[in-house]
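**Q** kindly generate the corresponding structure for this input.
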Amino acid sequence: MINKFQDSIDRAIALLKTPADYEKYISIKLSPPSGCCCSDCWPETWQKVNKAIVPCAPIKHEGDALIGKGGNIFVLEQHESGPEIVLYLALATASVTLAKSVIDLITTIVKGVSNEQRKHPTQIKISKKQIVKGKIEEENLIEIDIPISKDMEKQLRKRIKQAINKIS
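**A** Got it, this is the predicted structure:
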């Protein structure tokens with residue numbers, strides 16, 4: 001488990017060009033209860049994500065991209081197990097705009113999945129991971145029923161903002 005998380009951090013380090021201090025990174029992961037989340041299985045969702053992250057890059061099958069929005073930089077990775085956003089804490093100084101960028105991206109993904117015609121999950125779990133003293137700490141931020149309601153979208157925004165503000 002820690003090796004997969006370190007692999008994600010290593011990919012983020014390469015894109016961000018930041019130090020390999022694993023404890024200064026967090027991951028926000030979107031996971032459905034089952035099924036693959038790649039661009040072949042969620043084509044409409046990844047089209048919407050790629051449109052939302054222009055000009056940063058289109059994410060290709062099982063790829064990643066350096067996202068620069070509002071002066072903040074983070075990495076978005078596409079995994080079969082679900083999208084993952086990796087943040088480097090030392091760059092998370094503008095927490096309000098960082099939170100907005102991350103929340104907007106997560107909302108785009110969740111709404112895309114809600115409209116996905118192919119492998120459409122009924123729920124998505126959003127969790128935060130961080131290495132603390134050599135061990136992974138994982139916190140379940142929220143579980144969202146698909147399609148997402150306005151009330152659940154407000155809860156999502158609140159929980160993600162709290163999780164990011166906690167780290168900065």
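**Q** residues near L105, how many?
**A** By other C-beta atoms under 10 Å, the residues close to L105 number 22. Yep, even glycine has a C-beta here, placed from its N, CA and C like the rest.
**Q** so who does L156 touch?
**A** Applying C-beta atoms under 8 Å, 6 or more residues apart in numbering to L156 gives the contacts 103, 106-107, 110, 126, 142, 144, 148.
**Q** now, which of those lie within strands?
**A** Among those, the ones falling in strands (DSSP state E) are 126, 142, 144.
**Q** quick check, nearest of those to S31?
**A** Nearest to S31, judged by C-beta to C-beta, of the ones in strands among the contacts of L156 is I126 at 7.8 Å.
**Q** beta-bridge partners for E143, please?
**A** K125 (DSSP bridges).
**Q** tell me the pLDDT at it?
**A** The per-residue pLDDT reported for E143 equals 93.
**Q** in the chain, which spans are helices?
**A** Under the criterion DSSP state H, helices of the chain are mapped to 2-16, 43-52, 95-115, 150-167.
**Q** out of those helices, which comes closest to G82?
**A** helix 95-115 (8.9 Å).
**Q** who's L87 bridged to?
**A** Beta-bridge partners, per DSSP bridges, of L87: I26.
**Q** residues contacting it?
**A** Contacts of L87 by C-beta under 8 Å, 6+ apart are 25-28, 74-75, 98, 102, 164, 167.
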